[in-house]
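K.L.:
Fold the following.
(one chain, ligands or ions: 2)
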Amino acid sequence: MRILSIFGTRPEGIKMAPLVQMLAAQEDFESRVCVTGQHREMLDQVLDVFGIVPDHDLSIMRPNQTLTTIMTAVLEGLQGVIADEKPDYVLVHGDTTTSMAAAMAAFYARVPVGHVEAGLRTGNMDSPWPEEMNRCVVDRISSLLFAPTASSRQNLLSESIDNSRIAVTGNTVIDALHIASQKVKEPALRASFEKKFAGFDSSRRLILVTAHRRESFGEGIVNIASALKRLAQRDDVEIVYPVHPNPNIKRPVEEALSGLRNVHLIEPLDYLPFVYLMDRAHMILTDSGGVQEEAPALGKPVLVMRDTTERPEAVAAGTVAIVGTSAQAIYANTTRILDDAALYGRFARAQNPYGDGKACARIVAALRQGAIAPEAQFMPATSFKVAAE
Ligand code: UD1
Ligand code: UDP
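P.N.:
Ligands and ions are numbered 1, 2, ... in the order given. Predicted structure coming up:
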């Protein structure tokens, strides 16, 4: 069976990489990879970490690109690739414009689509924007839907998607995190990261920050930066923020936070040093989807600087809280966790509601069947736990 995996951004790369590796190792599959290059540097480092050499690269990224230009460039670029490759299935991942445009391109070519990380919903088209709509479109088009959790499957069922097309697999991000955690334990690599980050004062508590959502451009990101500035007045914290290269994020963040003694604005990190830093962090402030899934597995408290989340499982497990984008709420909630040891302890219990590291194997098995048998359904309960790394 010939599978064409299409992805284009950093998180898609991280979450598709272990699946692409596994597909390539199967004798009865021919695995082909097309990257759109919606992200350039941030995607290339992921390809390097996992040793993936794409068969096609559309190289579409432009500075400050718009959703319209991404959509049209991916659709146009994929037309020829899909015609040449003639895949039995196209696989796409998650919520990005690459994913939505790739699913449309496959639909126009009458090639069935498998959606990895299907069924995530907030129910709010404005948040995350435009990812909520991207997910709805991809799920509607897909023939096979790989839902990471029981609640994401429930979301699909409530939209009348047939149960026989849905497999609950766990999230491939945990497969990727297992691979990365093993690598990060290697003494030579660990020593190199300790050296790389020797400038961070280890006598202070490290707060790791990421923020890049489109719905936070403007006021949201200004508020986030202002909360961080206020937090930096404490002398017991060291704030480390790998800044997304989008100019709508980079400019306001640098304006507010450059030059502060205990705030380190750094380039986006490669995946392995980022996993190392998540592990070293005392707590994490983020609006990322992937980080919300990884940090609970590492036992790190997470405050989500968004108004909604499509990942309610870790909130229910008590390791993640949604705090919105008001500067006061971000500051007050972070301070509470920093100053209340019992509260910190409750947030810091390692939980793993998103996977057990075997999601890729379940996806491969479901692809092999071509349809999803009831016995392939993975999780009967609403969540599951495995020991964290
Ligand atoms: C996109 C996805 C979002 C995903 C996020 C991960 C959509 C609509 N959004 O948002 O779902 O969570 O990626 O980060 O698909 N840039 C670079 N180098 C890079 C990457 C980005 O310079 O390697 C800059 C460019 O100026 C680019 C801009 O960032 O134009 C925005 O990138 P884009 O992919 O359009 O949006 P994201 O905010 O990254
Ligand atoms: N990540 C990374 N380097 C960084 C920040 C994040 O490798 O400097 C990883 C992180 O571990 C997670 C993924 O990137 O797996 C999340 O990507 P992002 O926040 O861009 O997108 P989202 O998850 O919100 O779609």
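K.L.:
and A191, how many neighbours?
P.N.:
Applying other CB atoms under 10 Å, we find 10 residues neighbouring A191. Where you see a C-beta, it was placed from the backbone N, CA and C, and this is true even at glycine.
K.L.:
any idea how far W129 lies from ligand 2?
P.N.:
The gap separating W129 from ligand 2 is 13 Å, by CB to the nearest ligand atom, to the nearest Å.
K.L.:
can you list the residues of the stretch 101-250 of the chain near ligand 1?
P.N.:
Residues of the stretch 101-250 of the chain found near ligand 1 (CB under 6 Å from any ligand atom) are 130-131, 212, 214, 245-247.
K.L.:
swap the cut-off to 5 Å and go again
P.N.:
Counting by CB under 5 Å from any ligand atom, the positions of the stretch 101-250 of the chain adjacent to ligand 1 are 131, 212, 245-246.
K.L.:
Scan those residues and report the most crowded one.
P.N.:
In those, the most neighbours by other CB under 10 Å go to E131, 23 neighbours.
K.L.:
Give me the residue ranges of the stretch 151-300 of the chain where confidence is low.
P.N.:
By pLDDT under 70, the stretch 151-300 of the chain has no low-scoring segment.
K.L.:
circling back to that earlier point, let's see which of the residues of the stretch 101-250 of the chain next to ligand 1 end up in strands.
P.N.:
Using DSSP state E, no member of those falls within strands.
K.L.:
quick check, nearest of those to R204?
P.N.:
The shortest approach to R204 among those belongs to H212, at 24.9 Å (CB to CB).
K.L.:
Please name the nearest non-neighbouring residue to the residue positioned nearest the centre of the chain.
P.N.:
Ranked by distance to the mean C-alpha position of the chain (CA atoms, centre = their mean), the top residue is G290 at 2.8 Å. With sequence-adjacent residues excluded and distances taken as CB to CB, 6 or more residues apart in numbering, G290 is closest to P11, at 4.7 Å.
K.L.:
A366 too?
P.N.:
In space, and not counting its chain neighbours, A366 is closest to A167: 4.5 Å by CB to CB, 6+ apart.
K.L.:
Wasn't that neighbour part of a strand?
P.N.:
Yes - assignment of A167 by DSSP: H, G, I helix; E, B strand; the rest coil places it within a strand.
K.L.:
Show me what it is bridged to.
P.N.:
Beta bridges link A167 to F146 when assigned by DSSP bridges.
K.L.:
in this structure, which helix has the most residues?
P.N.:
In the chain, assigned by DSSP state H, the helix with the most residues is helix 67-85.
K.L.:
Check which helices and strands the helix or strand that comes right after that helix sits against.
P.N.:
Proceeding N to C from helix 67-85, the next assigned helix or strand is strand 89-93, under DSSP states H and E. Here strand 89-93 touches strand 2-7, helix 10-24, helix 97-108, strand 113-116, going by 3 or more CB pairs under 8 Å, 6 or more residues apart in numbering; DSSP states H and E.
K.L.:
would CSV of these with mean pLDDT be doable?
P.N.:
Below are these laid out as CSV (pLDDT from 0 to 100):
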stretch, mean pLDDT
strand 2-7, 98
helix 10-24, 98
helix 97-108, 98
strand 113-116, 98
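K.L.:
residues near the closest residue to ligand 2 within the stretch 1-150 of the chain, how many?
P.N.:
Distances between the stretch 1-150 of the chain and ligand 2 by CB to the nearest ligand atom are smallest at P11, namely 3.7 Å. The number of residues packed near P11 is 24, by other CB under 10 Å.
K.L.:
tell me the contacts of it?
P.N.:
94, 96, 288-290 (CB atoms under 8 Å, 6 or more residues apart in numbering).
K.L.:
I'd like to know which of these is nearest to L231.
P.N.:
Nearest to L231 among those is S288, at 18.6 Å by CB to CB.
K.L.:
I figured the closest one hits T210, correct?
P.N.:
Yes - counting by CB atoms under 8 Å, T210 is a contact partner of S288 at 5.1 Å.
K.L.:
Mind jotting down where the helices sit in the stretch 151-300 of the chain?
P.N.:
Assigned by DSSP state H, counting those that start in this stretch, the helices in the stretch 151-300 of the chain fall at 172-184, 187-196, 219-231, 247-257, 271-280, 289-297.
K.L.:
how far does the second one sit from the chain's center?
P.N.:
In terms of CA atoms, centre = their mean, to the nearest Å, the gap separating the centre of helix 187-196 from the centre of its chain is 25 Å.
K.L.:
wait, does it make contact with ligand 2?
P.N.:
No - Helix 187-196 stays out of contact with ligand 2 when judged by CB under 5 Å from any ligand atom, the minimum separation being 12.8 Å.
K.L.:
Now do that helix: everything it contacts.
P.N.:
Helix 187-196 is contacted from outside by 183-184, 272-273, 276-277, using CB under 8 Å, 6+ apart.
K.L.:
Quick one: buried ones out of those residues?
P.N.:
Listed as buried from the contacts of helix 187-196 are 184, 272-273, 276-277; burial here means 16 or more other CB atoms under 10 Å.
K.L.:
CSV for those residues, including distance to ligand 2?
P.N.:
Output for those, formatted as CSV (distance: CB to the nearest ligand atom, whole Å):
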residue, distance to ligand 2
V184, 12
L272, 8
P273, 8
Y276, 11
L277, 8
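K.L.:
ok, the residue of the stretch 101-250 of the chain found nearest ligand 2 - how many residues close by?
P.N.:
Going by CB to the nearest ligand atom, ligand 2 is nearest to P242 of the stretch 101-250 of the chain, at 3.5 Å. By other CB under 10 Å, 17 other residues sit near P242.
K.L.:
Also S326?
P.N.:
Using other CB under 10 Å, S326 has 17 other residues around it.
K.L.:
give me phi/psi at it?
P.N.:
For S326, the backbone dihedrals (degrees, to the nearest 10) come out as phi -80, psi 140.
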